[in-house]
Structure formats: structure tokens, C-alpha cells
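**Q** Predicted model and sequence follow; I will ask about them next.
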Amino acid sequence: MSQRTFLNRQALYLRPDPARVVVRRFGPQAEPSDLSHTDKLRANHIVDRVLSLDPATAENLLTEVLENFKGRHRNLLERFEARANEMEEAFETHREFTQVQRRLVGSYFLHEYSFEAAALFNPSIVSHPDQSGAPEGGLRFVLSVRAVGEGHISSLTFRSGSIANDGSVSVDPTSRLASIATLRNRMARLDGEDVEVVFSPDGDISERVIFPVTASQSNGIEDARFVAFDEDGRTVFRATYTAYNGKGIRSELIETSDFLSFRMSPLRGSAAVNKGMALFPRKIGGRYAMIARQDSENLYLIYSDDLFTWDGGVALLKPQFPWEFIQIGTCGSPIELDEGWLLLTHGVGPVRKYSIGAVLLDKADPSKVLARSREPFVRPEPSEREGYVPNVVYTCGAMRHGDQIILPYAVSDTFCNFATIRIAALLQSMERCDARPGACYEAERLPADQAALESDTR
């Protein structure tokens, strides 16, 4: 069955906007107690120069700064003061700052950063925790998106929108303003840090940007795969993502109930060593479950008792068809259907071309593969081949609405588009695993202490 029979691309595009900026640390990036002697010396030179200004000149300068950045940020004066307070430990003994001096000093240790100047891609979609105002027969949603700015630093940002009864998608207008989350709690662990970041309830969800806050994330928070998780009758939104420090990666977990407060935690265990972990939306047999790639090529089913430790696994799928000969991976969390778990997958084929297909897993025992796509149902169209990374279509998570799958997907790692998929027709197009010998991968039990393998590219 042709993909055009059941796939409907919508004329709805989310493109990066370099005019959207946040203010972030400028100069010393480390905590004041960790700064080098040179960094502290330079910081104090700036303080000395500010303190040398007479009161009238300082007042005029602060007024000029505020006028220059008027309308570009919320609560800018408070951000100036907060940054000065952060730096206080690095400053040498000085006379007490006036309020004007403190705000000026803070302004010199901040800069604007265009967080989505290069790309806005790899979306995932979940139901909105607040369904007020949802269209009749439809629902409200939250879209998470990976944003990339100068230096190829990735952050996590959001959009909201609605799905109509017929499956058509609309995205709410994006705010001109944006701000970075505030770090509220930091708890050291042997394997890293648990951190909590929060946003003010003021402003739109599209203003919220989660920027790297730990050493493991210093070069990026990549490819969050959000899912609405059923936890003892309440909904918790969780996502695995890749933390990148410029040299290596680590799988981490973020969770929230309201998209205002977020907890971020490292994952551990031999099965949490690669990219692309995707959490099931509920426990399976009393345990947390994920689909993940441990070996840069194949997909595995893994379980955890505590959500944070992932060891061993069952080899589930290997590249079978030409469009996925290089590697396969997840395209978000499994979606529960009456027929089983629908897992969207990506495959990498000739000339590193990324396409999207699907697999159907048994609902009671997801290690059993019932069917899979012989051909991908989303490939880069001629108009979708150019961008930051050519020949790539990719998603970090779709959701079910009635008899359709709502699929946000990225185009060439540059911008996002939306499509809808008719579930019945998609399932009909898939090849049953007993239809041809060797069509599906027989599960193989792996030892719990399997050695960590090299990182993959996505």
C-alpha cells in the first residue's frame, strides 16, 4: 500500500527564528568557586571600572542599557541583579554596591543568545496537562522541540496547540520573548547530578527554554522523547534525552507534571550507554520498560525496577530492509493500540538517508514482534531534502488521536512539519512477521553485564 494512501502531510511548518533570544551567562561559565585566577582577575577589573563611574553616569548608562533592550526580555533588571549575586563569590572585597551599580555589574556578565538561530527540529508531542479551551472532539497538546544556536548548542523548548476532531493540527502563536529556566535545586550523586529547574507561570509556554545546566549537558540537551506516563492513576510527563558535553554523551531523564517545574536525572546501567531510549507510557508486568539501541545498530527491549537503572535487555529488531541497512532506532515512545504497541522507527539507508517506518509489538509481551514496515512511510520529499543535515526526516514522538496518529517530524535537522496517519491503513500496510521466514528478528537474551558499546550518531 502506498504511503500516500494513509499519510497526510499538513501545510504547517515550524521554522527557527533568530530574532528569539534569551539572556545567559557571559564570561566565566563555571561556578565562582571554580573560576581560575585569571577569570577572577578579569571579573574584578570589570567591577572596578563600574565602581569608578560617578552616580549620574552610572544611572544614565543603566537607563541606556534598558532602553536598548526594551521589549526583548521579561524582568531584565532582576536578571541583572541575579547574575551579580551569582558572581559575588568571585569578586574581591569592595565597597557595598548601590542598586544601580549591582545591576550594571550584572549586565556585563550576561549576553543575548539566539537559541534557535540554526535549527528547530526533532519534536515530540503529548497531551497538554490543561485541556481547557480544547476544540470539541479534539484536544490540546504540548510539543517539545530541540533548538540549536551558535556553537551548535542544543536546548529544549516548547510549543502548544490543538488537534481538531478531524485530526487537523494548529499551533498557537509563538511569543517573541523567551527565558531560560531558573535552577532551583542541585543534588550531587556519584554518577552525576539531579537538578530541578523552574519557570515563572507568567508568560506563554513557548517562552520556556531549558538550557544546559550541568557539566554533562554543557554542549547540549538533545532529542527529548516525551511521553504521558500513567503513574498510579496520575499523569507524569517523562522524556529521555541525550546530554552532550562536547566529547561524550549520556542518557538522562526529565520529568514534569505541569511543564513549569522539571527534574533532570542521569540514567545508569549497561543498557543506558547509547542514544535513542524511548520509555513505554506505563509499566509492563509491574516494571518500567524501554526500547533502546545499545550497539549502534539494533533495537533492544530493556526493563528497570527503579526507572533510573537499566541493565541487560532482549535483542528485538535488527536492520532487515534496504532503507535501514546502516542502523535502526526509535522515533519516540511506543503508542498503545488495541492491536499492540505501535513503535515508530527510523532507518538509515544509502547516502545516510533517514526514513520513518513502524513496528507492531505484542501488548502483553513486547519482545514479540508482530509486524513491521517493509518500506518506510515517511521519506524526505524533494522539498524536504535540503537543510542543516540533508536527507533526514525524523521524529522524537507521535501521539494517537482517535483513529489517527498525529506525527510531528523534523526536516533535514532544520524545521518541523506535521502529518497524520490513518492507523488502520498503516497496520494493513505492514508485513506480518509470520508472512515470510526471516522477516522479523528472533529475540535473543543478553547478559545483564553486557559491556558498554560505542556511541552512535543519533
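**A** Arrived safely. Residues are numbered from 1 along each chain as shown.

**Q** Spatially central, which residue of this protein would that be?
**A** Note on the chain: the residue nearest the mean C-alpha position is Ala224, at 2.7 Å, using CA atoms, centre = their mean.

**Q** Could you double-check that that residue lies in contact with Phe237?
**A** No: Ala224 lies out of contact with Phe237 (CB atoms under 8 Å); the separation is 10.2 Å. In short, each C-beta sits where N, CA and C put it, glycine included.

**Q** quick revisit: can you pull the contacts of the residue nearest to the centre of the chain?
**A** 124, 144, 146, 156, 239-241, 254, 396 (CB atoms under 8 Å, 6 or more residues apart in numbering).

**Q** Pick out whichever of those residues sits closest to Val23.
**A** Nearest to Val23 among the contacts of Ala224 is Leu156, at 17.5 Å by CB to CB.

**Q** ok, now how distant is the closest residue to Met187 other than its chain neighbours from Ala188?
**A** The shortest distance from Met187 to any non-neighbouring residue, by CB to CB, 6 or more residues apart in numbering, is to Asp194 (4.4 Å). Look at Asp194 and Ala188: by CB to CB, to the nearest Å, they are 8 Å apart.

**Q** Neighbour count: those two, which is higher?
**A** Asp194 (17 against 9; other CB atoms under 10 Å).

**Q** Need phi/psi at that one.
**A** Torsion angles at Asp194 (phi, psi; degrees, to the nearest 10) stand at phi -90, psi 130.

**Q** hang on, it packs against Leu267?
**A** No: applying CB under 8 Å, one finds Asp194 not in contact with Leu267, separated by 11.6 Å.

**Q** so Asp365 is in which element?
**A** Asp365 belongs to no helix or strand when assigned by DSSP states H and E.

**Q** what about it, how many neighbours?
**A** Using other CB under 10 Å, Asp365 is surrounded by 13 other residues.

**Q** so how far is Thr420 from Arg287?
**A** With CB to CB as the criterion, Arg287 and Thr420 are 33 Å apart.

**Q** Between the two, point out the one with more neighbours.
**A** When neighbours are counted by other CB under 10 Å, Arg287 and Thr420 differ, and Thr420 comes out ahead with 20 against 13.

**Q** how close does the more buried one get to Leu407?
**A** Separation of Thr420 from Leu407 (CB to CB): 7 Å.

**Q** now do Ile153
**A** Counting by CB to CB - Ile153 and Leu407 are separated by 27 Å.

**Q** Which one's more surrounded, the two?
**A** A direct count of neighbours by other CB under 10 Å for Ile153 and Leu407 places Leu407 higher, at 28 against 21.

**Q** Can you verify that one is assigned to a strand?
**A** Yes: the assignment for Leu407 (DSSP: H, G, I helix; E, B strand; the rest coil) places it in a strand.

**Q** what residue ranges in the stretch 351-458 of the chain are flagged as low confidence?
**A** Where the stretch 351-458 of the chain drops to pLDDT under 70, the residues are 434-458.

**Q** In it, what residue spans correspond to helices?
**A** Along the stretch 351-458 of the chain, counting by DSSP state H, counting those that start in this stretch, helices occupy 423-429.

**Q** the strands in it, which residues?
**A** 354-361, 369-372, 393-394, 399-401, 404-411, 415-422, 431-432, 444-446 (DSSP state E, counting those that start in this stretch).

**Q** can you give me the mean pLDDT across stretch 88-106?
**A** Across stretch 88-106, pLDDT averages out at 91.

**Q** Then stretch 199-219?
**A** According to the model, stretch 199-219 has a mean pLDDT of 94.

**Q** how far out from the middle of the chain is it?
**A** Offset of stretch 199-219 from its chain centre (CA atoms, centre = their mean, to the nearest Å): 11 Å.
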